[in-house]
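Asks: Sequence first, predicted model second:
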Amino acid sequence: HRSRNRRRAAMRSSRLICALFVVVALLCVRAQTNPIRGTVKIDVNTGATSRTPAGAESNGDGGGGGGGGDGTGAPLDLTDVEIILGKGEDVTTVSSPSELMIRTLSALPVVEQDRIGFTALMDKSKASGEEALEADLRSLWEVRQLELEEAMAATEESADFLAALIKTLKSHVDSNRADDETVLDALNGLEDHLSDMDMARDFHDALGGWPSLTNLLLPTQSLQVRAAAALVMGTAVKNQDEFQGWILEPVALSLSTDTTSEEHMHEEAALALLTHMLVKGCTTTTTTNQNGTTTSVTLCNEPTLEESDPVGALAMRKKALYAIASGIRQNPHTQSLFLSLDGLSRLEHAADAEAEFAASDKHKKRPDHSSLWQLRLKLATMLADWITEAGSCDWVTDVGECGVEEGTAASGGRVDDVSDVAGLAAAELRSMRWCRIMAGAMDASAPQRVHEKALQALALQAPYCAAKDKGERDAGFALVRSRLDSLEALYSPGSERSESLDAEYMQELNSLVAQCKEALRG
């Protein structure tokens, strides 16, 4: 709860601080003959002014508009002082606190003027033909200053809180501690805060927390820590092009307790570690730095962890896929690296691992755990998004290949990068092998939400589901049609599943089944 309160206060502070810049801009003053440098304070209760000159010693600098003294209350003569306004605005001489407050509050966003009551006050003044009372203006001004003080305090508190969390992450990575409770608490706090874009940017840019977070994806960490780190990463990049590039950044990995030995130094992008988390065994990646030096690293997921905690392994892969999907959606640069990492094959490994667990005795002991089917749900969503990004084909060959007119990516012409890269992925995702993977998510025991997403994906695949080998093609079509027939019966009126479903939703599912059947060509 404290974490959420900090986040709400900080989100409110970001809006107030935007308005603060307006206030500061309007309170920047200068003498016409001698510019005033430093901090100028205006007491709206008395109209008294004081300043602290920039870089002044205790004896102060008395120049500028008749002001002087030590900066702790020396009065300033405002006779020849002007407000410096925004570009293109008229310059208005401020001769009274009321005029200064009106000018300042008028520069706030309209919604803020309405909220604090300034609009109503000025409308009342205009209607009566009388100037707004200085006491009323002072009341609004004082409330506003208190809000700004609270907003800046909340921002500073959030920055300190983020820094403390990052310190916890770094300490856990550097010391190779086995105690996960502290770092998991820190990751939970981060995930809550980094849903705010400004905080995510500060976490990465100003506070430098990304390398520590990336190192928590390594197989030297527990399944729970890796899953939590992937969730934070997915929340931080959240489909924003500005942030998605973070998962491409090389990060020095803590692969050994001997951090001073060059043979252990290796840099890897977070996306490479996330794709590694999808497989059961080992993966090897090779990178070349700016100096042309090539290094390789082999990472292995511990088999005993898979065996002792298969549910934890499924949860980890689900979180990794969430982070991957957040990082590559509509982004050709991250998509390209994902494909070069053999990402589609690793997605297959993840889907196979989930299916294997679903059929095992271990699953039968825990049939309702939350991770089962969730990976294929996310996989179906990701597949549909990617095929949609690639666009449609102008025709389909007998073996399911996508035919396109001249001038498109597939024919060597120029198109936008997103469609170009997505087209490479879609060519694979439309294959019979991937049609069968989507059909695998249509098991009768899966929730209807999984069925819905798998049907939506298969509807995009179905016109292309084919294989050059006739035996493979016939077997694939038989499996896909069998699963569609099962769903058709499952969602028919009077079935056991239909009793708990809305009639309109059930009709929607049956329409998707019919659409897939009609689109299949075999």
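Replies: Arrived safely, thanks for sending.
Asks: shouldn't residue 384 be in contact with residue 460?
Replies: Yes - here residue 384 reaches residue 460: they are 5.8 Å apart, a contact under CB atoms under 8 Å. For glycine as for every other residue, the C-beta is placed from the backbone atoms N, C-alpha and C.
Asks: Run through the neighbouring helices and strands of the helix or strand hosting residue 439.
Replies: Counting by DSSP states H and E, the element that carries residue 439 is helix 432-440. Judged by 3 or more CB pairs under 8 Å, 6 or more residues apart in numbering; DSSP states H and E, helix 432-440 is in contact with helix 343-358, helix 374-390, helix 448-461, helix 470-490.
Asks: To residue 163, which of these lies closest?
Replies: Nearest of those to residue 163, taken as CB to CB: helix 374-390 at 32.3 Å.
Asks: Compute the inter-axis angle for that closest one and helix 448-461.
Replies: Going by axes from the mean of the first three to the mean of the last three CA atoms, to 10 degrees, helix 374-390 is angled at 30 degrees with respect to helix 448-461.
Asks: Export the helices and strands packed on helix 432-440 to CSV and append columns for mean pLDDT.
Replies: Output for the helices and strands packed on helix 432-440, formatted as CSV (pLDDT from 0 to 100):
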stretch, mean pLDDT
helix 343-358, 89
helix 374-390, 90
helix 448-461, 94
helix 470-490, 92
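Asks: can you redo these as JSON lines with mean neighbour count and distance to residue 126?
Replies: Listed next are these as JSON lines, based on neighbours: other CB atoms under 10 Å; distance: least, CB to CB, whole Å:
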{"stretch": "helix 343-358", "mean neighbour count": "19", "distance to residue 126": "63"}
{"stretch": "helix 374-390", "mean neighbour count": "22", "distance to residue 126": "53"}
{"stretch": "helix 448-461", "mean neighbour count": "22", "distance to residue 126": "56"}
{"stretch": "helix 470-490", "mean neighbour count": "16", "distance to residue 126": "67"}
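Asks: nearest to residue 142, of those?
Replies: helix 374-390 (51.2 Å).
Asks: And the closest one, what does it pack against?
Replies: helix 310-328, helix 343-358, helix 417-429, helix 432-440, helix 448-461.
Asks: Show residues contacting that helix.
Replies: 314, 317-318, 321-322, 324-325, 329-330, 347, 350-351, 354, 418-419, 422-423, 425-426, 429-430, 434, 437-438, 440-441, 446, 449-450, 453-454, 456-457, 460-461 (CB atoms under 8 Å, 6 or more residues apart in numbering).
Asks: and the angle for it with helix 343-358?
Replies: Using the same axes, to 10 degrees: helix 374-390 against helix 343-358 is 150 degrees.
Asks: quick one: helix 374-390 to helix 310-328, angle?
Replies: Using the same axes, to 10 degrees, helix 374-390 lies at 20 degrees relative to helix 310-328.
Asks: With distance to residue 194 as new columns, can the helices and strands packed on helix 432-440 be given to me in JSON lines?
Replies: Listed next are the helices and strands packed on helix 432-440 as JSON lines, based on distance: least, CB to CB, whole Å:
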{"stretch": "helix 343-358", "distance to residue 194": "24"}
{"stretch": "helix 374-390", "distance to residue 194": "20"}
{"stretch": "helix 448-461", "distance to residue 194": "26"}
{"stretch": "helix 470-490", "distance to residue 194": "38"}
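Asks: Which of the ones you listed sits closest to residue 143?
Replies: Counting by CB to CB, residue 143 lies closest to helix 374-390 out of those; the figure is 46.7 Å.
Asks: Dump that closest one to PDB, keeping only the CA atoms.
Replies: Extracted as PDB, the C-alpha positions of helix 374-390 are listed here (Å, rounded to 0.1, in the frame of the first residue of the first chain):
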ATOM      1  CA  GLN A 374      -1.200 -19.000 -19.900                       C
ATOM      2  CA  LEU A 375       1.900 -19.300 -22.100                       C
ATOM      3  CA  ARG A 376      -0.100 -20.500 -25.100                       C
ATOM      4  CA  LEU A 377      -2.600 -17.700 -24.500                       C
ATOM      5  CA  LYS A 378       0.200 -15.200 -24.700                       C
ATOM      6  CA  LEU A 379       1.700 -17.000 -27.600                       C
ATOM      7  CA  ALA A 380      -1.500 -17.000 -29.600                       C
ATOM      8  CA  THR A 381      -1.900 -13.200 -29.000                       C
ATOM      9  CA  MET A 382       1.700 -12.600 -30.100                       C
ATOM     10  CA  LEU A 383       1.300 -14.700 -33.200                       C
ATOM     11  CA  ALA A 384      -1.900 -12.900 -34.200                       C
ATOM     12  CA  ASP A 385      -0.200  -9.500 -33.700                       C
ATOM     13  CA  TRP A 386       2.800 -10.500 -35.800                       C
ATOM     14  CA  ILE A 387       0.800 -11.900 -38.700                       C
ATOM     15  CA  THR A 388      -1.400  -8.800 -38.600                       C
ATOM     16  CA  GLU A 389       1.600  -6.500 -38.700                       C
ATOM     17  CA  ALA A 390       2.900  -8.400 -41.800                       C
END
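Asks: Tabulate the helices and strands packed on helix 374-390 (CSV), appending distance to residue 117.
Replies: Formatted as CSV, those follow (distance: least, CB to CB, whole Å):
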stretch, distance to residue 117
helix 310-328, 41
helix 343-358, 55
helix 417-429, 48
helix 432-440, 57
helix 448-461, 47
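Asks: So for residue 284, which of those helices sits nearest?
Replies: The closest of the helices and strands packed on helix 374-390 to residue 284 is helix 343-358. By CB to CB, the value is 12.5 Å.
Asks: low-confidence ranges in the stretch 51-200 of the chain?
Replies: Residue ranges of the stretch 51-200 of the chain with pLDDT under 70: 51-95, 151-157, 177-178.
Asks: Where do the strands of the chain begin and end?
Replies: Here the chain has its strands, by DSSP state E, at 29-31, 39-42, 49-52, 81-83, 250-252, 267-269, 282-288, 294-300, 395-396, 402-403.
Asks: least reliable of those strands going by mean pLDDT?
Replies: Mean pLDDT across the strands of the chain is lowest at strand 29-31; the value there is a mean of 34.
Asks: Starting from residue 464, give me the distance back to the residue nearest to residue 351 when sequence neighbours are not counted.
Replies: Spatial nearest neighbour of residue 351, excluding adjacent residues (CB to CB, 6 or more residues apart in numbering): residue 437 at 5.5 Å. Going from residue 437 to residue 464 by CB to CB, to the nearest Å gives 14 Å.
Asks: mind checking which of the helices and strands packed on helix 374-390 is nearest residue 471?
Replies: If we rank the helices and strands packed on helix 374-390 by CB to CB, the stretch that ends up nearest is helix 432-440, at 11.3 Å.
Asks: What are the buried residues along that closest one?
Replies: 432, 434, 435, 436, 437, 438, 439, 440 (16 or more other CB atoms under 10 Å).
Asks: for stretch 299-310, same thing?
Replies: 299, 301, 306, 310.
Asks: ok, the last one touching residue 357?
Replies: Yes - contact status for residue 310 versus residue 357: in contact at 5.3 Å, counting by CB under 8 Å.
Asks: which residues do the two both contact?
Replies: Common neighbours of residue 310 and residue 357 (CB under 8 Å, 6+ apart) do not exist.
Asks: Spatially nearest residue to residue 267, not counting backbone neighbours?
Replies: residue 250 is the one closest to residue 267 (CB to CB, 6+ apart), at 3.8 Å.
Asks: ugh, typo on my part, it should be residue 186
Replies: Using CB to CB, 6+ apart, the closest residue to residue 186 is residue 168 (4.1 Å).
Asks: Isn't the one you found up against residue 184?
Replies: No - look at residue 168 against residue 184 with CB under 8 Å: they stay out of range, at 10.0 Å.
Asks: Next up, the contacts around residue 101.
Replies: Neighbours of residue 101 in contact, by CB under 8 Å, 6+ apart: 44, 137, 138, 140, 141.
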